[in-house]
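Participant: Output the structure for:
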Amino acid sequence: SYWPVLGSVGLVSTVAGAANWLHGKSFGPYLFFTGLAFFLSILYGWFGTVIRENRLGLTNDPQVDRSFRWGMAWFIFSEVMFFSVFFGALFYARVLSVPWLGGDGTGVMTHLLLWPNFQATWPVFMTPNPAIFHGPQEVMETWGIPAMNTLILLSSGGTITVAHWALLKNKRTLMLWAQFVTILLGITFLMCQVHEYGLAYLTKELKLSSGIYGTTFFMLTGFHALHVTVGTTMLIVMFYRMLRRDFTSQHHFAFEAAAWYWHFVDVVWLGLFIFVYWI
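Facilitator: Predicted structure coming up:
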């Protein structure tokens, strides 16, 4: 199939555009939106092909079903590796590099040579050049929006499980309502995240350029929000296919794949809540 190759071109263009945009390059936004539009058009064509094959019964073969399941499992595994690297960067900064920079243990010379006035604390409110990079004024709250978002995502994990159970039991009305509520919870989570980012920028002076704390905060929560956006889009597509009666109690792996992805997003958020907001 030519879809994966074209999709990779669109994805690379999107990521390259985003990176150059963040670095102030004038062509960055154009490359980002062009790559994103191309990538979304490829996904539309790719998934449309899969859906048409499903309606023709071509995906009912056991070997094809196993291929889809293994493909989704490896895809989620690759996402786990992504987040493992980002969490690893957070732990490295908190446990090793910040204490070393503050003169802890064998980092005395590092402290004296690089930043003699630095005091090792987390979150780090100081930056090497405050005139250019302003440090944050406050730490992000734990038990406000983040706690509410945790409750929202955990609830959505329950509602999508109800939708799956209803699909297996041929309870169509319950399935549709549970799926609809899951979508609403996903959208609510994203709206709360946008509101939290607004508070971070406007009231706490916490930005992507606010030192290691701002960088890791927006890197982890922003990447997760991107995944919630993708997951919510998948749920909306599954809801549309439910309305068209594309799924049966025996053949519905597309919905299962979306549910797997959504549960993965839930688990990642628990890690974010604990290690980014709480501890």
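
Participant: Tell me which helix or strand Asn166 sits in.
Facilitator: You called it Asn, but residue 166 is Ala. Using DSSP states H and E, Ala166 falls within helix 145-168.

Participant: Going along the chain from that helix, find the next helix or strand for me.
Facilitator: Reading on from helix 145-168 to the C-terminus, the next helix or strand found by DSSP H and E is helix 172-202.

Participant: got the buried residues for the first helix or strand past that next one going along the chain?
Facilitator: As assigned by DSSP H and E, the chain's next helix or strand after helix 172-202 is helix 211-243. By neighbour count, with 16 or more other C-beta atoms under 10 Å as the criterion, the buried positions of helix 211-243 are 211-218, 220-221, 224-225, 227-229, 231-232, 234-236, 238-239, 241-242. Every residue, glycine included, has its C-beta placed from N, CA and C.

Participant: related to what we said a few turns ago, pull the helix holding Ala166 out as CSV, backbone CA atoms only.
Facilitator: Below are the C-alpha coordinates for helix 145-168, written out as CSV (Å, rounded to 0.1, in the frame of the first residue of the first chain):
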residue,chain,number,x,y,z
ILE,A,145,-7.9,21.5,36.8
PRO,A,146,-5.4,18.6,36.7
ALA,A,147,-7.4,16.6,39.4
MET,A,148,-10.6,17.4,37.5
ASN,A,149,-9.1,16.2,34.2
THR,A,150,-8.0,13.0,35.9
LEU,A,151,-11.5,12.4,37.0
ILE,A,152,-12.8,13.2,33.5
LEU,A,153,-10.4,10.8,31.8
LEU,A,154,-10.9,8.0,34.3
SER,A,155,-14.7,8.4,33.7
SER,A,156,-14.2,8.3,30.0
GLY,A,157,-12.3,5.0,30.4
GLY,A,158,-15.4,3.6,32.1
THR,A,159,-17.9,4.9,29.6
ILE,A,160,-16.0,3.5,26.6
THR,A,161,-15.9,0.1,28.4
VAL,A,162,-19.6,0.3,28.8
ALA,A,163,-19.9,1.1,25.1
HIS,A,164,-17.8,-2.0,24.3
TRP,A,165,-19.9,-4.2,26.6
ALA,A,166,-23.1,-2.9,25.0
LEU,A,167,-21.7,-3.6,21.5
LEU,A,168,-21.0,-7.2,22.5
